[in-house]
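> this one's sequence-less:
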């Protein structure tokens, strides 16, 4: 497996991070505003520890950064990590763009042949 | 200009591609239906696909492999979940081992293809969603290989296309 833009392990972490609805929701929120972990925990019907775990997964994937401020842990979106995810989707999208172009080539070839 | 639009949803890990072709819906359907034609476009030029099985029926299965520049093989499979010729095709798409058997642990993407007649031409909408949440990471890792191969050889084409968009 040759992936030279983003490492395999990095990719694993990134998509694991995105694979959960709560984590995606946390991502959406901290992308526009900073939240404390307890502030996030208040938003979901789950324990503080569970939310903390979700934040840790996001942090490992470099999608958020955490900073200690007094007694609070402040969570913020990490633009660089998000851009990486976007870049991966770009790659996948490129596969389909290329496929569409190849289909067009096949259809056009045929047209030229019939016109001859 | 073949590709009309593509929309990415980073949070839902899905994207939609809309392309238009100068051909009838029936003709574009053949591109999917006929394995020999499918082989000409499914894999990138450096990783051509060979379809060993292509059951184009509801619940049907397809099995293929792509051959890399060094002779290496990457296997894949489809499971057709909906088919309404010549307008609609939906299938799960995953990876296979060397014998062509699905590697379920690798997860799947779900693709839906819609063909519409637009005055004798055809609009094709492909929606692709990463479904398997737990294994999505691995899945993409594999998909990337193909993407990278393509990007290497054909990035100029993509850029030219973007600049004309």
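Received it, and whenever you're ready, just let me know what you need. All figures in this text were calculated on a predicted structure; none of them were measured in a lab. Numbers count the residues shown, from 1 in each chain, chains lettered A, B, ... in the order given.

> show me where the chain has helices.
Here I'm looking at chain A. A:8-18, A:21-32, A:37-41, A:48-60, A:79-115 (DSSP state H).

> I was thinking of chain B, sorry if that wasn't clear
Using DSSP H, helices in chain B cover B:25-33, B:35-38, B:136-164.

> picking that back up, would CSV of the helices of chain A with mean neighbour count and mean pLDDT be doable?
Backbone N, C-alpha and C define where each C-beta goes, glycine included. CSV is the format used below for the helices of chain A (neighbours: other C-beta atoms under 10 Å in any protein chain shown; pLDDT from 0 to 100):
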stretch, mean neighbour count, mean pLDDT
helix A:8-18, 20, 64
helix A:21-32, 17, 82
helix A:37-41, 17, 94
helix A:48-60, 17, 91
helix A:79-115, 17, 79
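
> worst mean pLDDT among the helices of chain B?
Of all the helices of chain B, mean pLDDT reaches its minimum on helix B:136-164 (a mean of 40).

> which residues in chain B form strands?
Counting by DSSP state E, chain B has strands at residues B:3-9, B:14-21, B:49-54, B:61-67, B:73-84, B:88-96, B:108-118, B:121-130.

> could I get those in TSV, plus columns for distance to chain A, mean pLDDT and mean neighbour count?
Shown next, in TSV, are the strands of chain B (distance: least, C-beta to the nearest C-beta, whole Å; pLDDT from 0 to 100; neighbours: other C-beta atoms under 10 Å in any protein chain shown):
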stretch	distance to chain A	mean pLDDT	mean neighbour count
strand B:3-9	5	78	15
strand B:14-21	4	86	20
strand B:49-54	11	94	16
strand B:61-67	12	91	19
strand B:73-84	10	91	18
strand B:88-96	11	89	19
strand B:108-118	9	90	17
strand B:121-130	6	88	19
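
> just to revisit the earlier point, which one of the helices of chain A lies closest to residue B:120?
The minimum distance between residue B:120 and the helices of chain A falls on helix A:79-115, with 12.7 Å, by C-beta to C-beta.

> helices and strands around the closest one, which ones?
helix A:8-18, strand B:3-9, strand B:14-21, helix B:25-33, strand B:121-130, helix B:136-164 (3 or more C-beta pairs under 8 Å, 6 or more residues apart in numbering or on different chains; DSSP states H and E).

> just checking, residue B:112 touches residue B:127?
Yes: if you go by C-beta atoms under 8 Å, residue B:112 and residue B:127 touch, sitting 4.9 Å apart.

> can I get the helices of chain A in CSV including distance to residue B:31?
Formatted as CSV, the helices of chain A follow (distance: least, C-beta to C-beta, whole Å):
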stretch, distance to residue B:31
helix A:8-18, 30
helix A:21-32, 35
helix A:37-41, 48
helix A:48-60, 41
helix A:79-115, 5
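
> and of the ones you listed, who's closest to residue B:6?
helix A:79-115 (5.5 Å).

> centre of the chain to that closest one, how far?
Put simply, helix A:79-115 sits 21 Å off its chain's centre (C-alpha atoms, centre = their mean, to the nearest Å).

> need phi/psi at residue B:56.
The phi/psi pair for residue B:56 (degrees, to the nearest 10) reads phi -90, psi 60.

> would you mind measuring from the closest residue to it other than its chain neighbours to residue A:38?
Distances taken as C-beta to C-beta, 6 or more residues apart in numbering or on different chains place residue B:33 nearest to residue B:56, at 5.2 Å, with adjacent residues excluded. Going from residue B:33 to residue A:38 by C-beta to C-beta, to the nearest Å gives 57 Å.

> same check on residue A:27?
The value you get for residue A:27 to residue A:38, if C-beta to C-beta is used, is 18 Å.
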